[in-house]
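**Q** predicted model and sequence follow; I will ask about them next.
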Amino acid sequence: MHEQTLLEQAQALQDGEVSSVELTQFYLNRIQAHDESLNSFVTVTGAQALAQAEAADRARSAGEAGPLTGVPLAHKDIFCTRGVRTTCGSRMLDNFVSPYDATVVERLQAAGMVMLGKTNMDEFAMGSSNENSYYGPVHNPWDPERVPGGSSGGSAAAVASRLAPAATATDTGGSIRQPATFCGVTGLKPTYGRVSRFGMVAYASSLDQGGMLGVSAEDCAALLGTMAGFDSRDSTSVDHPVPDYQEELKQPVDGLRLGLPKEFFDDRLDARIRASVEEAVAAWEGQGAQLVEISLPNLPLATPAYYVIASAECSSNLARYDGVRYGHRCADPEDLEDLFCRSREEGFGAEVRRRIMIGTYALSAGYREAYYDRARRVRQLIRRDFQQAFEKVDAIVAPVSPVLPFRLGEKTQDPVAMYLIDCYTIPVNLAGLPGLSLPARPVDGLPTGVQLIGNYFDEARLLGLGAAWQRETDWHRQVPPEFA
Amino acid sequence: MSEWETVIGLEIHTQLSTQSKLFSAASTQYGAEPNRQACGIDLALPGVLPVVNREAIRMAVMFGLAVGAKIRTPCVFARKNYFYPDLPRGYQISQYELPIVEGGSVEIELQDGSHRQIELTRAHLEEDAGKLLHEGYAGESAVDLNRAGVPLMEIVSEPQMRSPEEASAYMRTLHGIVTFLGICDGNMEQGSFRCDANISMRQKGEKELGVKVELKNINSFRFVERALRYEQQRQVDALESGKPIIQETRQYDPGTDRTRPMRIKEYADDYRYFPDPDLLPVVVDESVQAELAESLPELPQARRTRLIEQYALSADLAAVLVQSRQWADYFEATVEAGAGASTAARWITGEVFAWMHKESTELIEPPVSANSLAQLLKCIDSGVVSNSAAKEALAAMWKGEGEAEEIIEARGLRQVGAGADLDQWVDQVIEAHPDEVEQYRGGKDRLLGFFVGQVMKASGGKADPKQVSEQLRTKLQSG
């Protein structure tokens, strides 16, 4: 059953081959059996999941089932879930039970989907290896000695090991796409504003975007159709029509112009990964796509600009965790300042504290101009580079990560090396564009991936290219041996 | 001895009269139980997002248009970052580099009737913070977030006022503008309209500004004048005795009529302002601006001029009436309902104000409607009741005893005109005072007043004094 895609399971439910309770119980059993070593879940909501599954089955008997009714999925623990604790991978929110549901959670639940639990993640979505979680690192299902990527490492590992057919995730600088690649699953970061951020714990508001990790591009399309759309509770969500992605992705590849930016294929890129990416490019070319060499000259500035902007925003976004109203509070504070300082010092991990410090510095009087203001100008340049590129091409092909999944602990002592891993994903967030990560030919038993970047609201085209590639290959169908 | 010049600039905080908060749907109603009007957004729960209140934007635009300012579009909300328990997000959403209103000016009028133009620097929107409660929590402090997120418009003047009197006149003028626009209830006791005053001294002719002191949170026209007067003197005394002025924040204590320094900060604030990425720049379409400009209500100065012209009121009475939009509205409604303008103006600024003062009511919902008052005033103008009887009737009306006509009848307040009763009282009085009659007839005219008084007494106050004196004059002469 777990080898099926989400859409195949939805079909099985529709055909009455399986009930939602059976399917849900099946996944709960897999989580029970495998997650102790993987650590991909922070919270498993077994009883609630079964109750939701029963409701889904009843809806189906009553003829009220939608296309996704009864299909289970997992939520990244960054999405607020009413009555279920939402930790964001942080000690700060270890005791936080949200009184409300995030819009994404609400929409998927309204579609009848069943929540299996909340997945592990880098604390407050800050990290590229899932080693920054208060709940311990997640292990890569393909090699437990290696990281699953981050920050949505729990979601990626859970989907890769088929502990869940799909999972929600978020991407601020690559947090969907990079773990998708490291774990060999499909991950979509939609256009900024496509999916509501309401109820998604903020890291860097101008960059954060909710999306999903799934087995196939078609699965992602099905979920996107449910998750996307304007939300009056999020001022940055965009009132743009939501197409029928599953229908749209059937558009032919023939005649599409694919841009290959030379800055993405530089010497930072592992040659073996380059070969995998080129294989995908060749496949699309074989399907009639036309390849265009392009340049995005300001790309090398993206990573430093990102770490200034994201850190600046996070330094402010995380100020609400002060020990006053909810979350971690230090014991016996001496005075107000002690309450603030010690609650935050104890509640936040090292990487979160580092970024708060960087961001506070970047916004300080006398430095703001040199750092924050300049980074914002760089962002404009990168946006412009992409806009110019999309005058010549329909989509851009790039690698996702310059490196293969690395060993746990390998880069924890060198934050800058860790930051540079996101060099191919960050520019997409700075420009607010959609990006899709697709599994490509593995290297030495480790997954690799290829990234498609589209123009604003052009998710359907990316998903179509992805589906076309996945019809020819089965990298996305592969399950790590231990979980097969 | 050098001559000093006072330099004053005001920052006025007006609470906008929106139903809901600046970035959430929670109510802004005053006086609720602590934290009953604080939703998840006001509590800054993880994941919540602000959404700007359109009504607040419209109100700020109305203000900008009313003072001839530039409406900046798009304007941008920025985060002002600092930690305090009454500030749930750890930052206040305000406007910094790109406020919604820029420039503009208002004309103030001083006691001597002279006028001055005071320019505004800007007006911006921001949210209020919550409130810390220290009493009744066993040595701990509690936080009430009902106020957190309430929309404020901060109006910043140029440092162009030269005396405490000008400052209070400016404050009154702005109070009039925002209340006439209907964008602020102007309630100063509840803090809906309050100001911070910056004051510095410099030698006359000097271009550079002196070191300024900020007086925080003044919520009365009288106090702003007194606080500034005290501070003016304190600074002059210090400067003349060679002591430097320390740049600081001080608080005015009305009890002692002095200012004293507030907590001195150990380090300079760095609020790390940056544009709030949760909110998009706010664009106010030209069509919306035009529509608002079209619908701007009459402002105090224009209204005063019109009241003088339309109703032939004295400048003073008109000035009193336009101190509040409710008063001016009440006056016009009373006239509309049939009362004479001059009687209405005198009665409203006299008796009605006295009752309001006594009962501490506001004219927003007066117990005597303009229509009811008009019925009473018509009775005065037509001679049905005397002034004093009308006062008694108004008192009864204020207490809810009924409409003018009913009360006049029930209490027998109807003024008695010519007729048997009056004849009889006049005759009785003449008969009872033969000596005075003798003296009057001998040329002592001023005794007429004495006779009128006696007749009024005999009538129990019901007689019309004018008719009484006419009758008396006739009868005394003819005797």
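**A** Alright, I've got the coordinates. Everything numeric in this text was worked out from a predicted model, so none of it was measured. Residues are numbered from 1 along each chain as shown, chains lettered A, B, ... in the order given.

**Q** now do the same end-to-end measure for stretch B:455-467.
**A** Stretch B:455-467 stretches 11 Å from its first residue to its last (C-alpha to C-alpha, to the nearest Å).

**Q** buried stuff in that stretch?
**A** Within stretch B:455-467, the residues that count as buried by 16 or more other C-beta atoms under 10 Å in any protein chain shown are B:455-456, B:458-459, B:462-465, B:467. Backbone N, C-alpha and C define where each C-beta goes, glycine included.

**Q** sort out which of those are in helices and list them.
**A** Counted as lying in helices by DSSP state H, out of those, are B:455-456, B:458-459, B:465, B:467.

**Q** for those, which one is nearest chain A?
**A** Closest approach between these and chain A, by C-beta to the nearest C-beta: residue B:465, at 69.1 Å.

**Q** report the contact partners of that closest one.
**A** Residue B:465 makes contacts with B:386, B:452, B:456, as judged by C-beta atoms under 8 Å, 6 or more residues apart in numbering or on different chains.

**Q** once you drop chain neighbours, what's closest to the first one?
**A** What it means is residue B:386. With C-beta to C-beta, 6 or more residues apart in numbering or on different chains as the criterion, residue B:386 has its nearest non-adjacent residue at 5.1 Å, and that residue is residue B:415.

**Q** distance-wise, check the one you found relative to residue B:461.
**A** To residue B:461, residue B:415 is 9 Å away according to C-beta to C-beta, to the nearest Å.

**Q** list the residues that contact both of these two?
**A** Listed as contacting both residue B:415 and residue B:461 by C-beta under 8 Å, 6+ apart are B:386, B:389.

**Q** give me the spatial nearest neighbour of the closest residue to chain B within the stretch 251-400 of chain A, chain neighbours excluded.
**A** Using C-beta to the nearest C-beta, residue A:319 is the residue of the stretch 251-400 of chain A that sits closest to chain B, at 2.4 Å. Leaving aside its sequence neighbours, residue A:319 sits nearest to residue B:90 (C-beta to C-beta, 6+ apart; 2.4 Å).

**Q** what do you get for residue B:387?
**A** Leaving aside its chain neighbours, residue B:387 sits nearest to residue B:380 (6.5 Å; criterion: C-beta to C-beta, 6+ apart).

**Q** if I look at that neighbour, how far off is residue B:469?
**A** Relative to residue B:469, residue B:380 is positioned 18 Å away (C-beta to C-beta).

**Q** for residue A:107, same thing?
**A** To residue B:469, residue A:107 is 87 Å away according to C-beta to C-beta.

**Q** where does residue A:60 sit, in terms of helix or strand?
**A** According to DSSP states H and E, residue A:60 maps onto helix A:46-61.

**Q** that helix - contacts with which helices or strands?
**A** For helix A:46-61, the elements it packs on are helix A:20-38, strand A:114-119, judged by 3 or more C-beta pairs under 8 Å, 6 or more residues apart in numbering or on different chains; DSSP states H and E.

**Q** for that helix, buried residues please.
**A** So helix A:46-61, judged by 16+ other C-beta under 10 Å, has buried residues A:46, A:48-50, A:52-57, A:59-60.

**Q** what sits against residue B:126?
**A** By C-beta under 8 Å, 6+ apart, the contact list for residue B:126 reads B:22, B:80, B:92-95, B:151-154.

**Q** make sure it is indeed in a strand.
**A** Yes. Counting by DSSP: H, G, I helix; E, B strand; the rest coil, residue B:126 is part of a strand.

**Q** enumerate the residues of the stretch 101-250 of chain A near chain B.
**A** Proximity of the stretch 101-250 of chain A to chain B, by C-beta under 8 Å from any C-beta of the partner chain, involves residues A:102, A:197-202, A:204-206, A:232-236.

**Q** pull the most distant pair out of the residues you listed.
**A** Within those, A:204 and A:232 form the most distant pair, 22.5 Å apart (C-beta to C-beta).

**Q** rewinding a little: between residue A:107 and residue B:469, which is the more surrounded one?
**A** residue A:107 (19 against 16; other C-beta atoms under 10 Å in any protein chain shown).

**Q** might one say that the more buried one is in contact with residue A:224?
**A** No. Contact between residue A:107 and residue A:224 fails when scored by C-beta atoms under 8 Å: they sit 10.8 Å apart.

**Q** just want the angle from the helix holding residue A:60 to helix A:20-38.
**A** Angle of helix A:46-61 versus helix A:20-38, following axes from the mean of the first three to the mean of the last three C-alpha atoms, to 10 degrees, is 150 degrees.

**Q** can you give me how far helix A:46-61 is from the chain middle?
**A** Here the centre of helix A:46-61 is set off from its chain's centre by 27 Å, with C-alpha atoms, centre = their mean, to the nearest Å.

**Q** whatever helix or strand comes next after that helix: how far from the chain's middle?
**A** Note on helix A:46-61: by DSSP H and E, the next helix or strand toward the C-terminus is strand A:72-76. The chain centroid and the centroid of strand A:72-76 are separated by 12 Å under C-alpha atoms, centre = their mean.

**Q** swap in stretch A:95-111?
**A** Here stretch A:95-111 is found 17 Å from its chain centre; the criterion is C-alpha atoms, centre = their mean.

**Q** how about stretch A:17-36?
**A** 23 Å.
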